Each structure stands twice: as C-alpha cells, then as structure tokens.
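No letters, just coordinates:
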C-alpha cells in the first residue's frame, strides 16, 4: 500500500518500551540515489541522548496512528550513521524540483510523492502543472519507472506527458466491478433497459 509523504509529516513516533509517543516526524530524508526515505527528522524527541534522527530501518510498523519503534534509544544524532550523514549533507528533497521530459517539455514541479509502507521506497511523484496548463490538468502523477535522471534542480522523466498520464492510469486501475453488458441475457424492451439504467449505477 502507498502513503503520501505529506501524510507522514507530524505523524507520531510510538515507542513499544514507553507505551506511547516519543516525538513526531518533522521531515523525511530521501536518498536521491536509491529514491527512498532512509530516515526521519524528529521534533519533540524525548530520548536522553538528544538525538533527533530516526533511521527508517528501525521502524517496526507503519500505521495511521504513527510509526512504531522499539524504544527512544533508536533515535540517533546526525553523525551516527555515515550513510545518513552523507545524504543530509546533500540537502536533497524531491519537493519543489522541476519536472521535465527528456525532450525538454516542462511538466511542472513536485508537490508530493508516494512511498511504500514497508520500506518507504518512492513509487510516484505528484506534479503540479504550470499555470497555463493547470486549467485542464492541475496535477500529474508520474510512476517511478518513468524517472530517468535526478539532478539538484530537476527530475527528468522518460516520456511525453500524454504517455505518462495514460500509463499511470493503466497501472493504478484495478477492476472491481462486473460489467452487466458483457453477460448474455434475454432481450429486453427499450423501456425496461431505460428503467434499469436509472436504478443501477456502476461505481468506478
């Protein structure tokens, strides 16, 4: 299941040992090489060591109530893990980056992104369209597979926006209904068909 990065912000950190919250998520730390949340910056941390970073590998479970960890001792300082320290030095965030195709077509700016609940790997970026194009299509959801390059200033994707939109729609769509018109039924009068159409709706 996917969760939006914006939904993670302010989410409580729940400690099994302390039987309650020990802080909340201030921001996420994304590694641009793996395109994955590798840590969380915490505010209101209550551990005695003064650390305010939570390594994503320490998360036992994600729920709508918060991220579950073993104890406050899981919180670390910025220099405790070399990998996290290096990513912090990059000061990277997908939010606000421009998005373009390989041919230079400008698609907009990243306003949010989705990650998996199990390992916080980025799966989609959500792009706000330029003002001129936003009247017909205010947002564009681009799958991770379309991303070909990430720089300090922009994300470059593979295809033109029409292809991206069609592909994202096909990947996200999961049929959950039975089409009544595919069944072989005895012929009905036009009046019966009209009556059925007013009392039955197919929800997409």
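That came through, no problem. These figures come from a predicted structure and were not determined experimentally.

which residue is nearest the middle of the protein?
By Cα atoms, centre = their mean, the chain has its centre lying nearest to residue 114, at 0.5 Å.

That one belongs to a helix, doesn't it?
No: the assignment for residue 114, made by DSSP: H, G, I helix; E, B strand; the rest coil, is strand rather than a helix.

is it in a bridge, and if so with what?
Beta-bridge partners for residue 114, by DSSP bridges, are residue 4, residue 124.

Isn't it up against residue 121?
No: the criterion here is Cβ atoms under 8 Å, and residue 114 misses it with residue 121 at 9.8 Å. No exception for glycine: its C-beta is placed from N, CA and C like everyone else's.

can you give me the helices for the protein?
Along the chain, the stretches classed as helices by DSSP state H are 5-8, 82-90, 161-172, 190-199.

These: lowest mean pLDDT?
For the helices of the chain, the weakest mean pLDDT is recorded on helix 190-199, namely a mean of 45.

contacting residues for the nearest residue to residue 61 once chain neighbours are set aside?
Sequence neighbours aside, residue 68 is the residue nearest to residue 61 in space, at 4.2 Å (criterion: Cβ to Cβ, 6 or more residues apart in numbering). By Cβ atoms under 8 Å, 6 or more residues apart in numbering, residue 68 lies in contact with 14, 16, 59, 60, 61, 62.

can you do 10 Å?
The neighbours of residue 68, taking Cβ atoms under 10 Å, 6 or more residues apart in numbering as the test, are 12, 13, 14, 15, 16, 58, 59, 60, 61, 62.

Tell me how far it lies from residue 120.
14 Å (Cβ to Cβ, to the nearest Å).

Mutual contacts of these two, please.
Counting by Cβ under 10 Å, 6+ apart, the common neighbours of residue 68 and residue 120 are 59, 62.

ok so, going back, where do the contact lists of residue 114 and residue 121 overlap?
With Cβ under 10 Å, 6+ apart applied, the overlap between the contact sets of residue 114 and residue 121 consists of 2, 144.

pLDDT wise, what is the residue nearest to residue 61 at?
Residue 68 is assigned a predicted lDDT (pLDDT) of 96.

Equivalent analysis for the one 5 residues further on, please.
As predicted, residue 73 sits at a pLDDT of 89.

wait, isn't it in contact with residue 17?
Yes: at 8.1 Å, residue 73 counts as touching residue 17 under the criterion of Cβ atoms under 10 Å.

Can you tell me how far the residue lying closest to residue 140 once chain neighbours are set aside is from residue 99?
Sequence neighbours aside, residue 127 is the residue nearest to residue 140 in space, at 4.3 Å (criterion: Cβ to Cβ, 6+ apart). Using Cβ to Cβ, residue 127 is found at 5 Å from residue 99.
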